[in-house]
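In: my questions concern the predicted model and sequence given below.
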Amino acid sequence: MPIEKRKIIPVWEAVRSVLDQTFELPTETIPLEESDNRYLAEDIKTTHDVPPFDRSPYDGFAIRAEDTNGASKQAPVILNVIDSIGAGHVSEKTVQEGEAVRLMTGAAIPKGANAVIMLELVSERDSVHIEIRRTVLPGDNISEQGEDTEQGTQILKKGSKIHPGAVALLATFGYERVKVMKKPVVGILATGTELLDVGEELVPGKIRNSNAYMIASQIKKIGGEPHILGKLPDDFEQTYTGIVSALERCDVLITTGGVSVGDFDHLPAIYKKMGAKLLFNKIAMRPGSVTSAADYKGKLLFGLSGNPSACFVGCELFVRPYLLNALNADKVHLGVLKTELQEDFLKPNPFTRFVRSRVEWRGSAPFSVPVGLDKSGSVSSLAEANALIVLPGGTRGWEKGSEVTTLLLDGEGSVWPWDLAEKSKL
Ligand SMILES: Nc1nc2c(c(=O)[nH]1)N[C@H]1C(S)=C(S)[C@@H](COP(=O)(O)OP(=O)(O)OC[C@H]3O[C@@H](n4cnc5c(N)ncnc54)[C@H](O)[C@@H]3O)O[C@H]1N2
Ligand code: MOO
Ligand SMILES: [Mg+2]
């Protein structure tokens, strides 16, 4: 049988076509303590001023600043202490001329007072008299109501990922429960007669199914809910039926293996039989050139390569933005950093390469060091990789010391890292 000719597209075009497919995720309301790393389904506005009342930032005395006019070492001012409060209490007294209220950090400033002096700066004559030897100005040491943020300010955006700081704000404004996007359910099906379960002993010709677990871990990190739906032998009918029934149980289906041109690579024919609309099945990238995607009745099927590194890269470059887009995130792609390449890649490659690497900082300068075997079938390169060096395809190789774009596997993502590639038509 002649091998079908595939249309090769650049990476950014494949990414774009994935982003053009959208799907709606429902929302759910969950306890604040369970909201870490979830995506907010609504904008959050402050429901009150912070602080909600004028308060003391120090343990000290609330006073009337004008009472200290002219105070000095030689001419100290003596004030009567009329009350003493800790945080959480409000004094019922009003500070009048010559008076002070002893108060602790976080306590509300009593009526009549307009400044606070720290405990260390006064001498206590007895339990009800203090001596002040300096001039205090009105407003000194008062945390004013609303100085941190005012009521009605938009403080967190729909689509932002809930991190510890966001949790602090949600708690501040009384969100015991938080409205978040439901996690997209991602079905994962591994194909390959050679695949053993993780707990099985090796036998000749077989390998363990590592991709399904790797993808599940990537999906969790991205913010989805992975469902490993098992593995299928390289049999057309079984794979076809497996995929069709798996699609009913998830929002997105990822398969691994069987997308190339081999005798047992059934995915292309399965897409055809299903009537799924192919988005792409050949990308000018390495690893992962055979990464495929197809739309079946509004649901996306990602056909990732069986080769572990190719599978990993395909998930990061295409599945990540697709899921994060549905979660309303704004930085749906991997983060970008310019780094100095630490190895020669002198052989020109027509395809853009994504080299598993480690970004290391020497002082304030980022360097990228390729890690492990640079082959798409390699799994060891994934052990230490925290980044992918992007080596645009073309007629030239890349020398050690060149500045290269690097995609970061951890941390904040980016809005669109493909600008350069797009402009140069890579
Ligand atoms: N004649 C050609 N051969 C190949 C081409 C090509 O263009 N012409 N492309 C090569 C490239 S590039 C890649 S990438 C692979 C893609 O292969 P498939 O996606 O069809 O995947 P399989 O053939 O099923 O498996 C490839 C490789 O990966 C191992 N594998 C599969 N599933 C898993 C799993 N779940 N866990 C771990 N490892 C897995 C499998 O045993 C194979 O070694 O095709 C090239 N060939
Ligand atoms: O598609 Mo393969 O992963 O390029 O090496
Ligand atoms: Mg194959």
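Out: Thanks, I have the structure now. Ligands and ions are numbered 1, 2, ... in the order given.

In: which positions in the stretch 201-350 of the chain make contact with ligand 1?
Out: 207, 209-212, 256-262, 265, 287, 289-290, 305-308, 310 (Cβ under 6 Å from any ligand atom). Using the backbone N, CA and C atoms, a C-beta is placed for each residue, glycine as well.

In: OK, contacts around the residue of the stretch 201-350 of the chain found nearest ligand 1?
Out: Proximity of the stretch 201-350 of the chain to ligand 1 (Cβ to the nearest ligand atom) peaks at Gly306, 2.5 Å away. Going by Cβ atoms under 8 Å, 6 or more residues apart in numbering, Gly306 touches 191-192, 211, 256-259.

In: which among these end up buried?
Out: Neighbour-count burial (16 or more other Cβ atoms under 10 Å) applied to these gives 191-192, 211, 256-259.

In: next, format the residues you listed as CSV and append secondary structure, distance to Asp20 and pLDDT.
Out: Formatted as CSV, the buried ones among the contacts of Gly306 follow (DSSP: H, G, I helix; E, B strand; the rest coil; distance: Cβ to Cβ, whole Å; pLDDT from 0 to 100):
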residue, secondary structure, distance to Asp20, pLDDT
Thr191, strand, 26, 98
Gly192, coil, 30, 98
Asn211, helix, 26, 98
Thr256, strand, 23, 98
Gly257, coil, 26, 97
Gly258, coil, 25, 96
Val259, coil, 21, 95
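
In: just give me the closest of the residues you listed to Val167.
Out: Asn211 (33.6 Å; Cβ to Cβ).

In: the spatially closest residue to the closest one that is not a sequence neighbour and Arg362: what is the separation?
Out: Nearest residue to Asn211, sequence neighbours excluded (Cβ to Cβ, 6 or more residues apart in numbering): Thr256, at 4.2 Å. Counting by Cβ to Cβ, to the nearest Å, the gap from Thr256 to Arg362 is 37 Å.

In: ok, back up a step: of the residues of the stretch 201-350 of the chain next to ligand 1, just the buried ones, PyMOL syntax please.
Out: Listed next is the PyMOL selection for buried residues among these, using 16+ other Cβ under 10 Å:
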select buried, resi 209+210+211+212+256+257+258+259+260+265+287+289+290+305+306+307+308+310
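
In: mark which of the residues of the stretch 201-350 of the chain next to ligand 1 are part of helices, please.
Out: Using DSSP state H, the members of those that fall in helices are 211-212, 308, 310.

In: and ligand 3, which of the residues you listed reach it?
Out: Filtering these for proximity to ligand 3 by Cβ under 5 Å from the ion leaves nothing.

In: quick one: pLDDT of the residue of the stretch 201-350 of the chain closest to ligand 1?
Out: Gly306 carries a pLDDT score of 97 in this model.

In: just to revisit the earlier point, make CSV from the contacts of Gly306 and add distance to Asn281 to it.
Out: Output for the contacts of Gly306, formatted as CSV (distance: Cβ to Cβ, whole Å):
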residue, distance to Asn281
Thr191, 15
Gly192, 18
Asn211, 18
Thr256, 15
Gly257, 14
Gly258, 12
Val259, 7
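
In: before we move on, back to that, right, and the residue nearest to Asn211 touches Gly187 too?
Out: No. Counting by Cβ atoms under 8 Å, Thr256 stays clear of Gly187, with 11.7 Å between them.

In: please enumerate the helices of the protein.
Out: 11-19, 164-172, 211-222, 236-247, 267-274, 308-314, 320-326, 419-423.

In: for Ser72, find the nearest of the ones you listed.
Out: Of all the helices of the chain, the one in closest proximity to Ser72, counting by Cβ to Cβ, is helix 164-172 (41.7 Å).

In: list the buried ones in that closest one?
Out: Here helix 164-172 shows 166-167, 169-170, 172 as buried, counting by 16+ other Cβ under 10 Å.

In: residues making contact with that helix?
Out: Contact with helix 164-172 is made by 32, 35-36, 40, 44, 50, 155-156, 160, 162, 178, as judged by Cβ under 8 Å, 6+ apart.

In: kindly report the same for stretch 121-129.
Out: 60-61, 76, 78-81, 130-134.

In: in the stretch 301-426 of the chain, what residue is nearest ligand 3?
Out: Gly306 (5.9 Å; Cβ to the ion).

In: per-residue confidence at the closest residue to Leu79 other than its chain neighbours?
Out: Leaving aside its chain neighbours, Leu79 sits nearest to Ala100 (4.2 Å; criterion: Cβ to Cβ, 6+ apart). At Ala100, the model reports a pLDDT of 98.

In: looking at the buried ones among the contacts of Gly306, which one is closest to Ile142?
Out: Asn211 (60.1 Å).

In: pretty sure the closest one is touching Thr255, no?
Out: No. The criterion here is Cβ under 8 Å, and Asn211 misses it with Thr255 at 9.7 Å.

In: list residues touching both of those two?
Out: By Cβ under 8 Å, 6+ apart, the residues touching both Asn211 and Thr255 are 190, 304.

In: what about the stretch 201-350 of the chain, any weak spots by pLDDT?
Out: The stretch 201-350 of the chain contains no residues with pLDDT under 70.

In: tell me which parts of it are close to ligand 2?
Out: Proximity of the stretch 201-350 of the chain to ligand 2 is confined to 286-290, 305, 307, 310 under the rule Cβ under 6 Å from any ligand atom.

In: keep only those of those that are in strands.
Out: Arg286 (DSSP state E).

In: give me the spatial nearest neighbour of Gly298, chain neighbours excluded.
Out: Phe23 (6.7 Å).

In: which ones are touching Glu97?
Out: For Glu97, the contact set (Cβ under 8 Å, 6+ apart) comprises 64, 67.

In: pLDDT value on it, please?
Out: 98.

In: any idea how far it is from Ser357?
Out: Glu97 is 71 Å from Ser357, by Cβ to Cβ.

In: quick one, domains of the protein?
Out: With domains defined by automatic domain parsing, the chain comprises 11-23+183-322, 30-47+155-181, 60-132, 333-425.

In: looking at those domains, which is nearest to Glu144?
Out: So among the domains of the chain, domain 60-132 is nearest, using Cβ to Cβ, at 9.1 Å.

In: what's the offset of that closest one from the middle of its chain?
Out: Chain-centre distance of domain 60-132: 47 Å, with Cα atoms, centre = their mean, to the nearest Å.

In: quick check: end-to-end length of it?
Out: 12 Å (Cα to Cα, to the nearest Å).

In: please apply the same query to stretch 304-323.
Out: From start residue to end residue, stretch 304-323 stretches across 15 Å - Cα to Cα.
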